[in-house]
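Enquirer: have a look; sequence and predicted model below, questions after that.
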Amino acid sequence: MEMTGTNNYAMKSKENKFDDIYDVVKLIPAGKVSSYGAIAAYLGGKRGARMVGWAMNASHGDSTIPAHRVVNRNGLLTGKMFFESPDAMQNKLESEGLKIIKDQIQDFQTHFWDPSKELL
DNA sequence: TACGTGACGTAGG
DNA sequence: TCCTACGCCACGT
């Protein structure tokens, strides 16, 4: 393995970026859900909501990251199709006490977890 | 190296 | 009040 070296630097920088998002997602307690925008806003960029989605996509395979607790602003399970099964996301949320109807979380505001307030 | 795409959100019409 | 268009950053091709 010819470790060129420079490549390692690029990878590490990338992981640090995602690790920041992962850290917030991991802090989401069971039975609670957060939104891409809330996490992005906590990190300092409201416009970075899409980046949070990318981070979730890259988090596949890491069971320590509850990506199923991250939904869009409307409480809609927009990313369920990216899970092993379309029902996997809903199933996990229901196991945590949440109720989902038509891919939408019921009482979303009640179960909403805002990192900007919880983590302060 | 450059272009296109993407699990969103906000603003304007 | 609802729909459409634009912006942001990172990754893949």
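Expert: That came through, no problem. Numbers count the residues shown, from 1 in each chain, chains lettered A, B, ... in the order given.

Enquirer: so is stretch A:69-81 next to DNA strand B?
Expert: Yes - Stretch A:69-81 reaches DNA strand B (CB under 7 Å from any atom of the strand) through A:Val70, A:Asn72, A:Arg73, A:Asn74, A:Thr78, A:Gly79. Using the backbone N, CA and C atoms, a C-beta is placed for each residue, glycine as well.

Enquirer: pull the contacting residues for the residue of chain A found nearest DNA strand B.
Expert: Residue nearest to DNA strand B within chain A: A:Gly79 (1.9 Å; CB to the nearest atom of the strand). A:Gly79 makes contact with A:Gly53, A:Met56, A:Ala67, A:Val70, A:Val71, A:Met89, according to CB atoms under 8 Å, 6 or more residues apart in numbering.

Enquirer: if we can go back for a sec, what's the closest of the residues of stretch A:69-81 next to DNA strand B to A:Glu96?
Expert: A:Val70 (13.2 Å; CB to CB).

Enquirer: what sits against that closest one?
Expert: A:Val25, A:Ile28, A:Val33, A:Ser34, A:Ser35, A:Tyr36, A:Ile39, A:Val52, A:Met56, A:Gly79.
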